[in-house]
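A.B. asks: sequence? don't have it. structure:
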Ligand SMILES: O=C(O)C(=O)C[C@]1(C(=O)O)C=C[C@@H](O)C=C1
């Protein structure tokens with residue numbers, strides 16, 4: 001999946017967690033050439049991913065991780081278990097929220113507040129101290145919550161959404177900068193059908209899913225040792241239930257590096273021997289472009305020299 005020429009970009013189709021004005025759309029707008037592509041809003045992360053699998057769109061932008069609230073489980077589970085899709089790109093979006101209403105309202109008049117569950121988790125302390133009586137009404141996204149205020153039968157008195165969507169819809173801003181932790185960031189991933197892996201840049205991430213071997217003492221430590229001994233740094237590790245029964249978990253892991261690097265490939269091959277169900281979910285450029293730091297003993301040259309030495313012993 002590439003957006004090389006203008007013609008190619010025009011024919012590309014992207015789904016995203018909609019409607020227009022979500023933080024996810026802001027993430028999608030960071031993709032080069034997306035202005036010429038077709039953008040298809042989806043009602044949920046799952047719908048956006050289903051569109052990719054069904055071939056209705058080329059790729060989907062979905063949220064995966066928030067610096068305050070952690071992993072977006074709908075996305076982690078969908079790409080790890082339910083779908084056979086690969087991450088081809090990531091995007092980071094700074095998150096700030098406003099409380100908006102259709103007509104000017106004082107905080108004392110607000111009884112119900114609608115937003116996305118991840119949005120609510122990031123303003124909960126502010127809401128509890130400022131409007132303790134207000135009840136949370138879940139919405140499929142922050143932008144859907146904002147739009148819900150303008151319906152004939154509004155879904156709530158107010159919505160927690162981005163300043164941009166409040167302005168676009170002409171909403172009244174009751175309070176701004178209401179996030180509990182300033183400087184929060186949400187990480188989004190662009191997900192496509194498996195194909196060509198994005199080229200190595202020297203500042204890459206790889207995402208994998210490992211079903212934890214059952215009934216094996218020290219299984220997690222064994223897995224982690226494969227990374228440690230090859231100098232592979234992990235930047236996210238989360239356990240999620242497989243859904244198959246109590247106590248059955250998989251690990252969702254992001255690591256620094258690209259599958260084209262010998263140390264990364266060697267670590268994954270080592271893990272495959274103890275967890276054959278391991279799944280590769282993509283190698284892609286880091287959004288922050290932070291260059292990869294490695295030491296000489298885990299460089300590609302060191303792996304090539306070691307393999308050549310073994311070969312020389314076998315063929316002497
Ligand atoms: O509701 C939106 O606007 C989204 O894009 C979803 C989402 C999320 O799933 O975390 C994205 C960023 C914010 O952290 C809150 C909600």
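C.D. replies: That came in fine, so what should we check first? Just so it is clear, the structure is predicted and the values come from calculations on it, not from any experiment. Residues are numbered from 1 along each chain as shown.

A.B. asks: Pull the residues that contact stretch 116-135.
C.D. replies: 63, 66, 68-69, 72, 95, 97, 99, 107-108, 110-113, 115, 136, 138-142, 144-145, 157-158, 160-161, 175, 178-181, 184, 186 (Cβ atoms under 8 Å, 6 or more residues apart in numbering). Every residue, glycine included, has its C-beta placed from N, CA and C.

A.B. asks: If we use 6 Å, what do you get?
C.D. replies: The contact list for stretch 116-135 (Cβ atoms under 6 Å, 6 or more residues apart in numbering) reads 66, 68-69, 97, 107, 110, 112-113, 136, 138-139, 141-142, 160, 178-180.

A.B. asks: what about residue 19, distance to residue 144?
C.D. replies: 6 Å (Cβ to Cβ, to the nearest Å).

A.B. asks: Compare the two (neighbour count), which wins?
C.D. replies: residue 144 (23 against 17; other Cβ atoms under 10 Å).

A.B. asks: Would you mind giving the domain segments of the chain?
C.D. replies: What the record gives for the chain is the domain set 1-94+186-196, 98-176, 198-316, from automatic domain parsing.

A.B. asks: Mean pLDDT added to those, as TSV?
C.D. replies: Formatted as TSV, these follow (pLDDT from 0 to 100):
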stretch	mean pLDDT
domain 1-94+186-196	91
domain 98-176	97
domain 198-316	94
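
A.B. asks: so can I have CSV of the ones you listed showing distance to the ligand?
C.D. replies: Compiled in CSV, those are given as follows (distance: least, Cβ to the nearest ligand atom, whole Å):
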stretch, distance to the ligand
domain 1-94+186-196, 3
domain 98-176, 3
domain 198-316, 15
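
A.B. asks: what helix or strand does the most centrally placed residue in the chain sit in?
C.D. replies: For the chain, residue 64 is the residue whose C-alpha lies nearest the centre (Cα atoms, centre = their mean; 2.2 Å). Assessed by DSSP states H and E, residue 64 sits inside strand 59-66.
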